[in-house]
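In: this one's sequence-less:
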């Protein structure tokens, strides 16, 4: 009986304590907020233009390899071993070029992302702090870490708008 009263007392204390400590909690998707900014969109557009030739070449190589594979499958019974080896070398050379171009595109994409983050993260942190102070937010949680949040507590768009206004 004494344990039951103690448990009831503890639970009552926790419930009343948590009710008094109700926090103004909001969520934000920082990555989405950043990527929706004008600065990020321009960086992505610039990167797409910059990498257009490499992506087109990669697509052409993919088609060339497909032609080699199709020919190899179709004619494998009539091709000499030398022809088969030459086709294999040709395909391997094309695939190597494809991988190299892919690595170049990936490396450049990572560089642009790093430049964007370096430039925008301090601004985003300042905007989030400004929003926190202006609206009395006690806690701002990254949206990806929340199972459920009502859309009314999502400040992602506000962050993007303030970042765009700050330029």
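Out: Right, received. Where do you want to start? What you see is a predicted model; the values in this text were computed from it and never measured.

In: beyond the lengthiest helix in the chain, next helix or strand please.
Out: Using DSSP state H, we find that the single longest helix of the chain is helix 81-135. Moving toward the C-terminus from helix 81-135, the next helix or strand (DSSP states H and E) is strand 139-142.

In: pairing partners for that next one, with directions?
Out: Strand 139-142 has the following strand partners under DSSP bridges: strand 25-28 (parallel).

In: so for the strand it pairs with, mean pLDDT?
Out: Strand 25-28 carries an average pLDDT of 96.

In: next one: stretch 60-80
Out: 91.

In: so what touches it?
Out: 84, 87-88, 90-91, 94-95, 97-98, 101 (C-beta atoms under 8 Å, 6 or more residues apart in numbering). C-betas here are computed from N, CA, C, even on glycine.

In: can you check stretch 157-167 too?
Out: In contact with stretch 157-167 (C-beta under 8 Å, 6+ apart) are residues 28, 30, 32-34, 36-39, 120, 123-124, 126-128, 130-131.

In: among those, name the buried ones.
Out: 28, 30, 33-34, 36-37, 39, 120, 123-124, 127-128, 131 (16 or more other C-beta atoms under 10 Å).

In: format the residues you listed as TSV; extra columns: distance to residue 150.
Out: Listed next are the buried ones among the contacts of stretch 157-167 as TSV, based on distance: C-beta to C-beta, whole Å:
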residue	distance to residue 150
28	14
30	19
33	18
34	23
36	20
37	24
39	29
120	27
123	27
124	23
127	22
128	19
131	17
